[in-house]
Structures are given as structure tokens and as C-alpha cells.
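*Asks:* The sequence isn't on hand, but the structure is:
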């Protein structure tokens, strides 16, 4: 199950205005702030859980979905935010101490 807040629906509707509504993948991304759930346009795969909400199609790897459900997609000043029951570790020290070179 995924809940999409009215603010997120507004942003998605604006993004897709005049375009076909493509499927939106929810995936685990890694960065300087640690792992987080992120969004990308993609095509569904056999191993995906497909969810429909507010006229949009979301997909997520079934194994990850089972660990993360329920999901809430919101939008704030930092962009889209996917909240879940998935316990994600956070990186200590923030970007200033990132040794992966991802932060410029």
C-alpha cells in the first residue's frame, strides 16, 4: 500500500502535465546522508510489486516492498520524501565527511 499526500499529487500532476504518466519506481538509493528511498521513472519488472494511487502507478522490488510497507509519498522543500517502516541507517557526519566523492 502507498499513500500519496495531496502535496505530492500536486507535484506529480504538474510534472506529468502534457506528458504520458509513466510508472514511478521507488528504490533504495545510497548517498552521503546514508540510504534512502528515492523515485525514478522506469518500466516494471517481474519481481516488482505494482501499486496504483491517485492516478499514478508505482512499483518497487517485492522483497524491498515487503520490508518497507506501508509507504507514504510526500513533497516538501527538499523534494519528494518516501516514508516507510524500513529501518535505514543514517550516515554520521554528513556530507562534509563523505569519502566517496559524491558530494563534490
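*Replies:* Good, I have the coordinates. Worth saying up front: this structure is predicted, and the values here are computed from it rather than measured. Numbering: from 1, shown residues only.
*Asks:* Residue 10 touches residue 75, doesn't it?
*Replies:* Yes. Shown here, residue 10 and residue 75 form a contact pair, counting by C-beta atoms under 8 Å, at 7.5 Å. C-beta coordinates here come from the backbone N, C-alpha and C atoms, glycine included.
*Asks:* Which one's more surrounded, those two?
*Replies:* residue 75 (17 against 11; other C-beta atoms under 10 Å).
*Asks:* now that one: how far from residue 49?
*Replies:* Distance, residue 75 to residue 49, using C-beta to C-beta, to the nearest Å: 22 Å.
*Asks:* How many residues are close by the nearest residue to residue 49 once chain neighbours are set aside?
*Replies:* Distances taken as C-beta to C-beta, 6 or more residues apart in numbering put residue 65 closest to residue 49, at 4.1 Å, once the chain neighbours are dropped. Residue 65 has 22 neighbours, counted by other C-beta under 10 Å.
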